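Participant: can you look at this prediction? I've put the sequence above it.
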Amino acid sequence: MRLPLLIITAVLSIFPSWNIRAQTAPAAPAKITPSAEDPNKDARLAWWREAKFGMFIHWGVYSGFGGEWKGQKVEGYAEHLQRIMKINREEYLESVVKPFNPVEFNADEWVKTVKATGMQYIVITSMHHDGVAMFDSKVDDYNVVKTSKFGRDPMKELKAACDKYGVKLGFYYSHAQDWSISGDPRYPEPNGPERRKAVVEKKVFPQIKELIENYHPALFWGDTPHHNPKELNEEILAYLRKQDPNLIINGRVAGAIYGDYLSTPDCPVEFGPMDKPEEKDWEAIPTTNNSYGYHKLDKTHKSPAHFIQILAKAAAKGGNLLLNIGPMGTGKMAPEDLNILSEIGKWWSVNGESIRGTVRTPLARQAWGDTTLKGNNLYLHVFNWPKDGKLVVGGVKADVESAVLLSNREKPLFIKRSGLDLEIDIPKEVPDQSDTVILVKCKAAPTGDAVFLLQNNIPNKLSVFSAELLGQTDKAGWRLNRGQIISMNVTGWTKNECGVKWASRLNQKTTFDVVVSYDAPVADKKVETDAGAVIKKSTDTFGGTFVVEIGNQKLKGEVTKMGEVVEVNLGTVTVEPGELNVQVLTETITGKELMRLRSVTLTPRQ
């Protein structure tokens, strides 16, 4: 139900003094349906599913400060400058918005970089939580064209460049937070649902209409929906659908089941099974360091190999990768980001076919890496190169015709069938340290065996993200964690029935060293928030004993050391060939949780 006009008028009367023009938004449909029931969804998503790889760009007036304010470092995401540093509205306008002047911005350069990296779409912040529109809005003068020194419309220029080079353009738009309206950068916004309703009526609906009519985006990316009442998000999504039925809408507008696809948590490294109905289409959103906006003081940039491997892992589970960079306030991309993109582009120029247009692999995760599928072609993404020249691919159900390195298609690789598995003779020197791709051509589309093959020539790292969780899982309790660097674990291990299991098999008798890796964060711990990883006080405690079962053998472990990425060497086991389960089971729990398990690694003794 809409608010009475008198209430909306009263709420709007305390909006800031800059020019927000009254607009009348067409009434939105009252009901929305899950996207899975939309008969137009497949056609709408066709280009996005094919693309697999895009660029996320966080760029705004905050970029000019690079994560620093009056000599102080912004702890967290640089784009949250206003909120984190508690900058009031007037000072933000005078010191941040008005001086913004990225004179080196060149839309053609940006889009050519996107193309050279292998990406086919862009999602850029048309308005972030600070409320500053990065486009020429007739609704609100609080935009870079009318209010900043720049005086140009970068979204218009970017749209022209995208059309010129054949790249799809999408817009991030902060539909649930707007610090320019609240008049107070505290978080969350004050004044509750009435204020949010008024902001949506006065600004969000009209600016969405402007973006769609003036720039014709292919994709709309919402964010932080929890700051809006549920029904308001649903109204926004219905309005978007009405404005452009072909617009792809992400799951952060009104929830994954209503959006066209699911967005992962920020900065992901690992992904769960991704096998729920709402996870059929999904997108991972890593960023090059630990900030989405440009942060000159954050030097935690990951390697190009890190992102190449995440790209392959996402594609293996049917997902897309939207890799974020934060351009500088000058309008240029940061040198660190350009270096990462350049190296990814080199890899892509050889191996791009193993990602673009692929679908979820039918195979289990492999000890050496992952696999992707396109028609009858199976692509092996080898992250951990066997030094003895023997690559064993577990559980391939298909008649195989040939195998070649994508980097050397002229030289066939020798293949031998061994039961469910393929044995491929490979060079002893690794062609590409980040991800060497082998193309296996099959006579028909292959199927696969879901059981993990333990290898006897490389370490077998069994991640909890490929395990079966034992016991009753709960979104607020026992579950897989968020999959970020600091949360690549299970959480909520509070009951004796909790445990993890990997269905496995082994082809020949092998002796393994067994190492368990877990997290047991101390009282002051890093946690992920809407603005990045921050230090928070915690009353979490960890401790107890557990058993690792490998077939019919047991090794006992104890949680005594606290910290992140604690490794415990449990000794060795000798395992006979055949099917077996690898399990980590509870013995005693003496803390609030036993531990936050990351992995069990079985390393063959040579």
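Facilitator: The structure has been received and is ready for your questions.
Participant: tell me the secondary structure at V199.
Facilitator: Recorded secondary structure, V199: helix (DSSP: H, G, I helix; E, B strand; the rest coil).
Participant: what pLDDT does A176 get?
Facilitator: pLDDT for A176: 93.
Participant: measure how buried the residue nearest to L480 when sequence neighbours are not counted is and give me the count.
Facilitator: In space, and not counting its chain neighbours, L480 is closest to G272: 5.0 Å by CB to CB, 6 or more residues apart in numbering. Quick note: C-beta positions are derived from backbone N, CA and C, even for glycine. Residues lying near G272 (other CB atoms under 10 Å) number 19.
Participant: now for G272: which residues touch it?
Facilitator: By CB atoms under 8 Å, 6 or more residues apart in numbering, the residues touching G272 are F465, L480, G483.
Participant: count of residues packed around the last one?
Facilitator: The reference is to G483. Counted with other CB under 10 Å, the neighbours of G483 add up to 20.
Participant: how near is Q72 to K86?
Facilitator: Per CB to CB, to the nearest Å, Q72 is found 11 Å from K86.
Participant: with F100 instead?
Facilitator: 20 Å.
Participant: cool, and D223?
Facilitator: From D223 across to K86, the span is 21 Å (CB to CB).
Participant: more neighbours, these two?
Facilitator: Shown here are D223 and K86; by other CB under 10 Å, D223 has more neighbours (19 against 12).
Participant: quick check: domain ranges of this protein?
Facilitator: 5-349, 369-447, 460-604 (automatic domain parsing).
Participant: turn those into a markdown table, including distance to L363.
Facilitator: A markdown table is the format used below for the domains of the chain (distance: least, CB to CB, whole Å):
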| stretch | distance to L363 |
| --- | --- |
| domain 5-349 | 8 |
| domain 369-447 | 5 |
| domain 460-604 | 12 |
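Participant: buried residues, the lengthiest helix in the chain. List them.
Facilitator: In the chain, assigned by DSSP state H, the helix with the most residues is helix 335-351. Within helix 335-351, the residues scored as buried using 16 or more other CB atoms under 10 Å are D337, I340, L341, E343, I344, G345, K346, W347, W348, V350, N351.
Participant: after the host helix or strand of L237, which helix or strand is next?
Facilitator: L237 belongs to helix 230-243 when assigned by DSSP states H and E. Sequence order places strand 248-249 as the next helix or strand after helix 230-243, per DSSP H and E.
Participant: partners of that next one in the sheet?
Facilitator: strand 219-221 (parallel) (DSSP bridges).
Participant: give the rounded mean pLDDT of the strand it pairs with.
Facilitator: If you average the pLDDT over strand 219-221, you get 98.
Participant: so how far is that strand off the chain centroid?
Facilitator: How far strand 219-221 lies from its chain's middle: 15 Å, per CA atoms, centre = their mean, to the nearest Å.
Participant: now swap in stretch 490-506 and tell me
Facilitator: When distances are taken as CA atoms, centre = their mean, stretch 490-506 is centred 25 Å away from the chain's centroid.
Participant: next: stretch 283-303.
Facilitator: The answer for stretch 283-303 is 12 Å, by CA atoms, centre = their mean.
Participant: what of stretch 307-322?
Facilitator: Distance, stretch centre to chain centre, for stretch 307-322: 9 Å (CA atoms, centre = their mean).
Participant: repeat that for stretch 391-404.
Facilitator: 30 Å.
Participant: what segments of the stretch 501-606 of the chain are helices?
Facilitator: Along the stretch 501-606 of the chain, no segments are classed as helices by DSSP state H, counting those that start in this stretch.
Participant: for it, which spans come out with low pLDDT?
Facilitator: Applying pLDDT under 70 to the stretch 501-606 of the chain flags the ranges 523-537.
Participant: please repeat the previous calculation with a cut-off of 80.
Facilitator: 523-538, 606 (pLDDT under 80).
Participant: about what we covered before: got TSV for the buried residues of helix 335-351, with distance to Q553 too?
Facilitator: Shown next, in TSV, are the buried residues of helix 335-351 (distance: CB to CB, whole Å):
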residue	distance to Q553
D337	48
I340	44
L341	47
E343	43
I344	43
G345	47
K346	45
W347	41
W348	44
V350	43
N351	40
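Participant: just put those residues in JSON lines and tack on distance to K197 and pLDDT.
Facilitator: Shown next, in JSON lines, are the buried residues of helix 335-351 (distance: CB to CB, whole Å; pLDDT from 0 to 100):
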{"residue": "D337", "distance to K197": "38", "pLDDT": "98"}
{"residue": "I340", "distance to K197": "42", "pLDDT": "98"}
{"residue": "L341", "distance to K197": "41", "pLDDT": "98"}
{"residue": "E343", "distance to K197": "47", "pLDDT": "98"}
{"residue": "I344", "distance to K197": "43", "pLDDT": "98"}
{"residue": "G345", "distance to K197": "45", "pLDDT": "98"}
{"residue": "K346", "distance to K197": "50", "pLDDT": "98"}
{"residue": "W347", "distance to K197": "48", "pLDDT": "98"}
{"residue": "W348", "distance to K197": "45", "pLDDT": "98"}
{"residue": "V350", "distance to K197": "52", "pLDDT": "98"}
{"residue": "N351", "distance to K197": "49", "pLDDT": "98"}
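Participant: what about the helices in this protein?
Facilitator: 5-12, 41-51, 81-84, 89-92, 107-117, 154-165, 179-182, 192-199, 205-215, 230-243, 304-316, 335-351.
Participant: got these as TSV, with distance to T125 columns?
Facilitator: Putting the helices of the chain into TSV (distance: least, CB to CB, whole Å) gives the following:
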stretch	distance to T125
helix 5-12	25
helix 41-51	19
helix 81-84	13
helix 89-92	16
helix 107-117	13
helix 154-165	10
helix 179-182	14
helix 192-199	18
helix 205-215	12
helix 230-243	17
helix 304-316	20
helix 335-351	16
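Participant: out of those helices, which comes closest to R598?
Facilitator: helix 304-316 (15.8 Å; CB to CB).
Participant: what's in contact with that closest one?
Facilitator: If you take CB under 8 Å, 6+ apart as the criterion, helix 304-316 is touched by 52-53, 268-271, 284, 286, 288, 320-321, 323, 339-340, 343-344, 347, 354-355, 358, 360-361, 365, 369-372, 381, 383, 433-435.
Participant: quick one, which of these are buried?
Facilitator: By neighbour count, with 16+ other CB under 10 Å, these hold 52-53, 268-271, 284, 286, 288, 320-321, 323, 340, 343-344, 347, 354-355, 358, 361, 365, 369-372, 381, 383, 434-435 as buried.
Participant: buried stuff in stretch 194-213?
Facilitator: 195-212.
Participant: ditto for stretch 568-581
Facilitator: For stretch 568-581, by 16+ other CB under 10 Å, it's V568, L570, V573, V575, L580.
Participant: quick check: the second one touching E558?
Facilitator: No. Shown here, L570 and E558 do not form a contact pair, counting by CB atoms under 8 Å, at 9.9 Å.
Participant: wait, isn't L594 in contact with G544?
Facilitator: Yes. With contact defined as CB under 8 Å, L594 counts as touching G544 (4.5 Å).
Participant: tell me the bridge partners for the closest residue to R417 other than its chain neighbours.
Facilitator: By the measure of CB to CB, 6+ apart, the closest residue to R417 outside its immediate chain neighbours is V400, 7.3 Å from it. Beta-bridge pairing of V400 under DSSP bridges involves C442.
Participant: done for today, thanks.
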